[in-house]
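> sequence first, predicted coordinates after that:
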Amino acid sequence: MDCSGKAYGPPSRAAPKVVGALSRPDVSRLPMPVLTGTACDVDGEPLRGIHVKALRDDALVGWCETDCNGHFEIPVSVGTYTLVFCSTAYHEVREAGVLVAGPSTRVDAELMLIF
C-alpha cells in the first residue's frame, strides 16, 4: 500500500547569479522550512486523506493530504501561518499563528466526527 501523500507548495528557488565579490551567498541549496505533523481522531487514531492547507494572510501557499499514518509535510518559507485541517466527515480545525522560523515546525490536530 502506498502511504505517501503529495505536497503542493511554492516552487523551488532558482540559484542567484554571481556578479562579483560582493554578491549574495547561494542560499538556493538550503532546504525550505517544512510544516509537519499528524492528524488524528479523538481516540488518537491517525486519519488518512485529511486535507491540510497552509494559509498566509488568508492566501493559500501550500496544501497536502495526510498519508496512511495521518502524517503531513508542507514546504513553506519563514513566516506565520494558519493551518486548516478539513474533511467531509470531520469538523474543520484551524490552528492560527503558527510561526515557522526553523527547518521544521510541528503541528498536530485532533478532529471530531460530524454526527
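Received it, and whenever you're ready, just let me know what you need. Remember, predicted model here, so these are calculated numbers, not experimental data.
> tell me the centre residue of this protein?
Centroid-nearest residue in the chain: Ile74, 2.8 Å away (criterion: CA atoms, centre = their mean).
> any idea what that one is bridged to?
For Ile74, the beta-bridge partners under DSSP bridges are Leu35.
> is it true that it touches His51?
No: here Ile74 does not reach His51: they are 11.1 Å apart, not a contact under CB atoms under 8 Å. To be clear about C-beta, it is placed using only N, CA and C from the backbone, and glycine gets the same treatment.
> residue ranges for the strands of this protein, please.
7-8, 34-41, 51-56, 59-65, 71-75, 79-86, 93-100, 104-106, 109-111 (DSSP state E).
> mutual contacts of Ile74 and His51, please.
63-64 (CB atoms under 8 Å, 6 or more residues apart in numbering).
> residue ranges with poor pLDDT in the chain?
1-30 (pLDDT under 70).
> nearest spatial neighbour of Gly97, chain-adjacent residues omitted?
Of all residues not flanking Gly97 in the chain, Thr80 sits nearest, at 6.2 Å (CB to CB, 6 or more residues apart in numbering).
> buried ones in stretch 70-77?
70-76 (16 or more other CB atoms under 10 Å).
> ok, stretch 44-61 next?
Result for stretch 44-61 [16+ other CB under 10 Å]: buried residues 47, 50-56, 61.
> quick one: end-to-end distance for that stretch.
For stretch 44-61, the first-to-last residue distance is 28 Å (CA to CA, to the nearest Å).
> just checking, Leu47 touches Ala39?
Yes: checked against CB under 8 Å, the pair Leu47 and Ala39 is within contact range at 4.7 Å.
> what is in contact with those two at once?
Residues touching both Leu47 and Ala39 (CB under 8 Å, 6+ apart) are 66, 70, 111.
> quick one: which of the residues you listed is nearest to Val34?
Closest approach between those and Val34, by CB to CB: Thr66, at 14.5 Å.
> which non-adjacent residue is nearest that closest one?
Ile50 (4.5 Å).
> got a list of what the one you found touches?
Here Ile50 is in contact with 39, 65-66, 70, 72, 85-87, 90, 111 (criterion: CB under 8 Å, 6+ apart).
> give me the buried entries from these.
For those, buried by 16+ other CB under 10 Å: 39, 65-66, 70, 72, 85, 87, 90, 111.
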